[in-house]
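>>> What follows is a predicted protein model with its sequence.
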Amino acid sequence: MITLYCRQQGKVVTSEPPSGSVGLPSGLIWIDALDPSAEDTAWLKAVVGVEVPTPEEMREIEPSSRLYREGLALFMTASLINRTETHEPETRATTFVVVDNLLLTIRYASPMPFNTFATRIRANPALLESAEVALVELMDAIVDRLADTLETVDANVNALSQSIFAPQKGTDAARIDYTSALQTIGLNAIRCTKVDESLVSLSRLLSFFDSDVRQAGQKHVRARIKDVQRDILSLMGYVERLSDRLTLMLDATLGLVNIQQNAIIKIFSVIAVVFLPPTVVASMYGMNFDFMPELHWEFGYPFAVGLMILSAVLPYLYFRHRKWL
């Protein structure tokens, strides 16, 4: 699906590609190609004059395949985070092409920043002043979305730290769902990794684009690029700090699991020690020997039972005295 964004009479107008014609509407600045079909690809090649990269070509990771110039067209591919609110966040490659004051975006996913940017330009048509301005402002919307994702991760980490490190009363410590905690830590760690991947990709893209803008002498665009680059640098530091906190959460959770397991093992060890002496007494009096005076003693059975109880109580009291229980 292809959507055309035109700036006409101070307003942003959207439309679909004109049928039966290879011409472009007036004031066209941005062409957004979402999951383009073969017909869409052919139309873009005929009208814009660029070869639309395939999804396989967009997934290549070497810089020479992601950032390059082909004639008058500037091709830039970045990995953008997608499905951040789900349990399966991912990064998808998106290509940005700047050619002849026209911005072309080619994507096979629907990251939220594209919808956000489409809303922004309708409210503020100045953001669609030129292809270069539109690209930088779109990058700004993407970075804003990455910041929102990190804020969500930070909130999750804060809630998790409250449940893990807050003082527990009575049996509350045993009520912590460590499986859920580990799943939460893992999910947010994946989100941080995907955000970091997107930030690194965007940083490279903007550096490449800045060198091209520098040659064109567009100082106002370069100023906005620097602003977005500063935001990216700040978020990179934020990701690093969140990653460190998630590592701490993981170590703390695993430590608490070990403590809980050790407490359970300690209980079984104490039970085994407490019942070991009575077992020895019972084993002695369970042997079938004729010469056992207690067998013919009137108080032999109560004596044996009392001896077993005493042999169980004494180790228990000793453990309590040493504060092992």
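That came through fine.
>>> For the helix or strand Gln261 falls within, which helices and strands make contact with it?
Here Gln261, judged by DSSP states H and E, is contained in helix 219-285. If you count contacts as 3 or more CB pairs under 8 Å, 6 or more residues apart in numbering; DSSP states H and E, helix 219-285 packs onto helix 131-165, helix 178-216, helix 300-321. C-beta coordinates here come from the backbone N, C-alpha and C atoms, glycine included.
>>> pLDDT-wise, which helix or strand of the protein ranks last?
Least confident helix or strand of the chain, by mean pLDDT, DSSP states H and E, is helix 63-66 with a mean of 74.
>>> Point out where this structure drops to low pLDDT.
Scanning the chain with the threshold set as pLDDT under 70 gives 19-23, 167-175, 215-217, 288-290, 324-325.
>>> Could you break it into its assigned domains?
Under automatic domain parsing, the residue ranges defining each domain of the chain are 2-260, 261-321.
>>> Buried deepest among these, which one?
Mean neighbours per residue, mean count of other CB atoms under 10 Å, is largest over these for domain 2-260, with a mean of 16.
>>> Can you tell me what sits against the least confident helix or strand of the chain?
Helix 63-66 is contacted from outside by 57, 60, 76-78, 204-205, using CB atoms under 8 Å, 6 or more residues apart in numbering.
>>> same for the helix or strand following it, what does it pack against?
Counting by DSSP H and E, the next helix or strand C-terminal to helix 63-66 is strand 67-70. Strand 67-70 sits against strand 73-82, helix 178-216, with contacts defined as 3+ CB pairs under 8 Å, 6+ apart.
>>> Sheet partners, orientation included, of the first one?
Under the criterion DSSP bridges, strand 73-82 sits next to strand 67-70 (antiparallel), strand 90-98 (antiparallel) in its sheet.
>>> Between those, which one is closest to Asn258.
Closest to Asn258 of these, according to CB to CB: strand 90-98, at 33.0 Å.
>>> Tabulate the CA atom coordinates of the closest one in CSV.
What follows is strand 90-98 as a C-alpha-only set of coordinates in CSV (Å, rounded to 0.1, in the frame of the first residue of the first chain):
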residue,chain,number,x,y,z
GLU,A,90,11.3,-7.2,17.3
THR,A,91,13.3,-5.0,15.0
ARG,A,92,12.4,-4.6,11.4
ALA,A,93,14.5,-3.0,8.6
THR,A,94,13.0,0.2,7.1
THR,A,95,14.6,2.0,4.1
PHE,A,96,14.5,5.8,3.7
VAL,A,97,15.2,7.2,0.3
VAL,A,98,15.8,10.9,-0.4
